[in-house]
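Participant: Here is my input, please return the structure:
(chains A and B)
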Amino acid sequence: MTVAAPTEAAALAPAGRGEASTGRLQLQGLTKRFRSRPGDVTAVDSVSLDVRPGEFITLLGPSGCGKTTTLRMVAGFEDATSGSILLDGKAIDDMPPQRRPMAMVFQSYALFPHMTVAQNIAYGLKLQRRSKADIAEGMRMAVTSMNLVGLEDRSPHELSGGQQQRVALARALVVQPKVLLFDEPLSNLDAKLRDAMRTEIRRIQRMFGITSIYVTHDQDEAMSMSDRVVVMNKGRVEQVATPGEIYARPASVFVADFIGRANFIETVPESIADGKATVTVLGRRLSVPAHSTVVAGSGDAYLMVRPETVTLSPVTDGGTGVGAVLRSTFHGPSIDYEVETTGGTVTVTEAGKDPRDALAEGTHVDVTIDADRAYLLNRE
Amino acid sequence: MTTLLSDPGVITPTPPEAVAPRRRRRLGAGLRILVGVCAAVVVIGAAVPLVAVLATAFAPDALPRYVEFFSSSVDLGILRNTLVLGALVGLCGTALGFLFAFVQARLDVPGKKILHLIALMPIVSPPFAVATATVVLYGRRGVISNGVFGLEYDIYGLDGLVFVLSLSLFPVAYLGLLGMMRGLDPALEEAAMNMGASRWQIMRRVILPLLAPGLVAPFLLLFVEAIADLANPLVLGGDYTVLASRAYLAVTGEYDTTSAAVYCVILLVPSLAMYFGQRWWLNRKVRTTITGRPSGSVHLMTGWSRWPVYALALFAAAIIVSIYSTVILGSVTKVFGVDNTFTLEYLKEVLLGVGVEAVLDTLTFAVIATPIAAVLGLLIAWLVVRHLRRTAWLLDLGGTLGVAVPGTVLGIGFVLAYRPERYIGDYLVFPSLVGGSAVFAGAMAIVVAFVIRSVPAGQRTAVGALTQLHPQIEQASTDLGANSLQTFRWVTLPLIKPALLTGLSYSFARSMTSVSTIVLLVTPETKIITSQVLSAASTGRYGVAFAYCTVLTVLVLVAFAIIRLLVGGGAALHRTAKSERPKR
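Facilitator: Okay, the predicted model is just below:
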């Protein structure tokens, strides 16, 4: 995908590119209950969130975790059962969706099939009763910044998935919303296009500095695009943090398990001081960072160990080590090992090694855990 | 289409923001007015007449009639006649529809396009055309039965009724079954084939069991239409009396509205039961058998065994063609089959003589009623599918009363509800709408009846189209700042234009060919083509009847063309990417 020269698109952006002064979005105890036969279902359970102007926030979670319902409440398509939504400090709960200064990019794109690309993009501006010159100008900017030049008179069904996606984004951008909402917009695209669109969406969002809420179940998408990620589960917020923080210091076993891969090794912390716990794992005493809820002597603690923070060394002196290689899987850039140890099966990823030196199944190994990158968590 | 949004001034300004209570936003003012209008029409046109019938039928002086009815062998015979007629027409019509649909969807034979058109002919034909032509062709002195085979066959009675009604009503079953057969996932057949099943084994073991539940709905629908029919029993019934014709006679011959109401209630019970049974069955089925888009390609039957089936369909098609040719030839010959000299006398009588009044009146009423009915059907569908929640079923039900309630019952309801002038004290508060002294000579009642009888067709199509339309498309419009009415005007309406087209066409055809309700509402000043055909056919003036039928059919076809021209062809509905099923 070619990327438009930033100068063309910058003209559409408000002054001081990337630095939005409005668009602060606050969710306060937002709750949504649906009536259903055996009893009410709480789809969203007191979600609170403070989104800074210009921030790109992702709602991430498995299907049914309430992320889309949250987004639809922000857009105004669903009424909250309780709680409140504030835009720039003012409650907008009673504002119907058409009056909220937000624009949404739908999963199905929802382009109007009976209108051309140009008519689709101009629709919002025409509803605002802008002058013809304004509409033409807004359209030109949107079309150039989204690389849609030459497609203006096409029908949506004549476009590829990626092009439809860009029209949907252009249509949302052109009305200059304070908040952009994305409902799994990339789930209908193939993997390669998805990567390109991620970059594209992020570039445009940064350029215009529009506060964005992005719903996805794809953790890779969330990690690569977001300023902050909101991990949701069963209608509740599990953690709000930067992608790096979420990965390295997950707030719960659910988050650690949902984001990336993790080994959970049962252990009992002997002592805890200054956020560090002393544990004995696979025959070694380690000082590892611990979550604030973990207490010394608790039998409910898990040590989370990411597979890439573990190194294996074959036992050469005839000993048995702490484990043996059960299975090895070759992935190209990396090799995955499953190692049978005294603490259970541990998954280990080794990257950057010559695949011809891979450890054979059955090899006795010693296991070394990078203690600083491990994290002690409470069992749920 | 390019000028659709070119003038921003056309867009109605956004109404001031309604002060809505927290947590439960109400419908906007515009929507509330629309709901009110729709509800008012439904109440005036269907609910009030129905209540009037029920009130008369359950008044204290009516109660002994039920005892009479259920102890009189004549009356019980009428009830049995009605149910037998319904069941036989349901069976024969569904079988005929199945035959045509099967040939169309599954056989590798020539001439399928023509066969399709022939199968649709009865939809636009006036109600008496088939009955009258059948008498002329297959009756005691029939051109074919007597002239060719030398038989003296008495076509009057149950056999004739079943024959005529099956032929007239089967297109509904045909269209439904055709859609279903085309919707069957060919992958299922390919799977069976892959496992070594022969064509006929697949037919017997896979296709028929899958289609079996789908035969129930057309059966029930034809049952309802058959027992509600008034036109054919009047022309062809002979001694075979059914509830609809009995009720009609009670009103027009005996002036006994109480008996008429009682017959109506007894007719209403099976009608409503079957109609709502049919809808329930369809809804239930949707959940169990539709599992996604069909894949693979249909394998047409090519063996020798297709020919007998094809021959059967051709035979049925030949009968249909013979009937409609008789209508056309009959209108331009002195006495068709007896004296085949060419004459324009009958057409002249209809178009230039005494008939012109009826033609113009019918045309005027239909032209007034058609847009109202089509728009109303569309609006009701839109409100029901998209905006109303708890009250949706009520409006949906109200809108479909026009077909669920037999026309005769509705007509008697109009007579009961709107013939008397209503006074409060000495002041006339509601003038008589039906009968000789009615305002506008009864024209208003006729137009309302046309509208109510026509709304359901458009409503059903529109509900179907809207359910197909992904709600996110409308939400996208709302999200970009359009209020509900703007969204409807600029996004929804252009996308469901095919439904509007169908609604308009059906409404016009139904209005022009409506009999059962209308025969009770015509006055000396307002003449309607169908009631003219009825009197011509029942006095044996077949040439005139055929002339009316021909003119009526031509008018309907011309109207179809004009409607198509005005509305424009349907906008193709292309789905945007692989959208998930609408959540509703």
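Participant: Show me the shaky parts of chain B.
Facilitator: Residues of chain B meeting the criterion pLDDT under 70: B:1-27, B:284-299, B:429, B:436-437, B:569-584.
Participant: what are the ranges of the strands in it?
Facilitator: B:333-335, B:339-342, B:422-424, B:427-430 (DSSP state E).
Participant: Pull the residues that contact the first one.
Facilitator: Counting by CB atoms under 8 Å, 6 or more residues apart in numbering or on different chains, strand B:333-335 makes contact with B:Asp339, B:Asn340, B:Thr341, B:Phe342, B:Thr343, B:Glu345, B:Tyr542, B:Gly543, all of which sit outside it. In short, each C-beta sits where N, CA and C put it, glycine included.
Participant: any idea which of the strands of chain B is most buried?
Facilitator: Ranked by mean neighbour count under mean count of other CB atoms under 10 Å in any protein chain shown, the strands of chain B are led by strand B:333-335, which reaches a mean of 16.
Participant: Report the strands that pair with that strand, each with its relative direction.
Facilitator: With DSSP bridges as the test, strand B:333-335 is paired with strand B:339-342 (antiparallel).
Participant: Restricting to C-alpha, output the partner strand in CSV.
Facilitator: What follows is strand B:339-342, C-alpha atoms only, in CSV (Å, rounded to 0.1, in the frame of the first residue of the first chain):
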residue,chain,number,x,y,z
ASP,B,339,-71.0,-18.6,-32.6
ASN,B,340,-67.4,-17.6,-33.2
THR,B,341,-68.0,-14.5,-35.3
PHE,B,342,-65.7,-11.6,-34.4
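Participant: got the CA positions of stretch A:342-361 in CSV?
Facilitator: Listed in CSV are the C-alpha atoms of stretch A:342-361, where the atom choice follows Å, rounded to 0.1, in the frame of the first residue of the first chain:
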residue,chain,number,x,y,z
THR,A,342,9.2,-31.3,38.3
GLY,A,343,6.9,-28.2,38.3
GLY,A,344,4.8,-29.5,35.4
THR,A,345,5.1,-29.0,31.6
VAL,A,346,6.8,-25.7,30.7
THR,A,347,6.7,-24.2,27.2
VAL,A,348,9.9,-22.6,26.0
THR,A,349,10.6,-20.5,22.9
GLU,A,350,14.1,-20.2,21.6
ALA,A,351,14.8,-17.8,18.8
GLY,A,352,17.8,-16.9,16.8
LYS,A,353,19.4,-20.3,17.0
ASP,A,354,20.5,-22.5,14.2
PRO,A,355,17.6,-25.0,13.7
ARG,A,356,20.0,-27.8,13.0
ASP,A,357,21.2,-27.5,16.7
ALA,A,358,17.7,-28.1,18.0
LEU,A,359,17.5,-30.3,21.1
ALA,A,360,16.3,-33.8,20.4
GLU,A,361,13.2,-35.1,22.2
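Participant: Contacts made by that stretch with the rest, please.
Facilitator: Contacts to stretch A:342-361, defined as CB under 8 Å, 6+ apart, come from residues A:261, A:263, A:265-267, A:281-283, A:305, A:307-308, A:310-312, A:314, A:322-323, A:325-328, A:330, A:333-339, A:365, A:367.
Participant: for stretch B:346-355, same thing?
Facilitator: B:331-332, B:356, B:359, B:529, B:532, B:543-544, B:546-548, B:550-551.
Participant: ok, now stretch B:391-403?
Facilitator: Under CB under 8 Å, 6+ apart, the answer for stretch B:391-403 is B:35, B:38-39, B:42-43, B:45-47, B:50, B:224, B:275, B:376-377, B:380-381, B:383-385, B:388, B:410, B:452-457, B:459-460, B:463.
Participant: And for stretch A:372-380?
Facilitator: Residues contacting stretch A:372-380 (CB under 8 Å, 6+ apart): A:248-250, A:252-254, A:256, A:264, A:267, A:269, A:277, A:279, A:286, A:288-291, A:293-294, A:298, A:300-306, A:309.
Participant: Please spell out which residues along that stretch are buried.
Facilitator: A:Arg373, A:Ala374, A:Tyr375, A:Leu376, A:Leu377, A:Asn378 (16 or more other CB atoms under 10 Å in any protein chain shown).
Participant: Leaving aside the residues adjacent along the chain, what's closest to the third one?
Facilitator: In other words, A:Tyr375. Distances taken as CB to CB, 6 or more residues apart in numbering or on different chains put A:Met304 closest to A:Tyr375, at 4.7 Å, once the chain neighbours are dropped.
Participant: So for that neighbour, what pLDDT did the model give?
Facilitator: For A:Met304, the pLDDT comes out at 94.
Participant: Surely it touches A:Arg249?
Facilitator: No: if you go by CB atoms under 8 Å, A:Met304 and A:Arg249 don't touch, sitting 9.4 Å apart.
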